[in-house]
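Student: Based on what follows, work out the 3D shape:
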Amino acid sequence: MYKTAQGRSIDMDKLMRQNELVPAVGNAKVNARGDKLGPGGEIIKTREEIVAEYYNKNPNVQPTPTSHQVETKTATSSADIPVDTLTSTVIQKPASSAPAEVEVTKTPSQETK
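Tutor: The predicted model follows:
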């Protein structure tokens, strides 16, 4: 959910799902989902077929997981984290911001008599 400057709420996921079959603007001949379109807006090749074809032609490329494929696990305390994954962090103090000591010497003209 996003809020506009006028305070209205917009559900971007819902908006994307509603318009995924609408042809994209421009000359790419795809819809908003990424399916290849033919004459009359007919779907020739789905996005999944295009991606599978790419990875079959390029075996050295590893697919990246999408947001719904990524499994996240949150730890509630440091006891839940395996010891071998813990790292120590060293925080260095910044150099002192105090001005450097300056030696003041009097010249003969400044000496008082």
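Student: For Ile50, which non-adjacent residue is spatially closest?
Tutor: Nearest residue to Ile50 in three dimensions, chain neighbours excluded: Lys36, at 6.5 Å (Cβ to Cβ, 6 or more residues apart in numbering). C-beta coordinates here come from the backbone N, C-alpha and C atoms, glycine included.
Student: any weak-confidence spans in this structure?
Tutor: By pLDDT under 70, the low-scoring segments of the chain are 65-113.
Student: cutoff 90 now
Tutor: 1-4, 12-13, 15-17, 19-28, 31-34, 40-41, 58-113 (pLDDT under 90).
Student: What residues does Glu20 make contact with?
Tutor: Applying Cβ atoms under 8 Å, 6 or more residues apart in numbering, we find Glu20 in contact with 31-33.
Student: any chance you could map the strands in the chain?
Tutor: 2-3, 9-10, 36-37, 43-45 (DSSP state E).
Student: Just say which of those is most tucked in.
Tutor: strand 36-37 (a mean of 16; mean count of other Cβ atoms under 10 Å).
Student: hang on, the earlier thing: and the contacts of Glu20, which are buried?
Tutor: 31, 33 (16 or more other Cβ atoms under 10 Å).
Student: Of the contacts of Glu20, just say which sits nearest to Glu42.
Tutor: Glu42 has its nearest neighbour among these in Asn31, at 10.5 Å by Cβ to Cβ.
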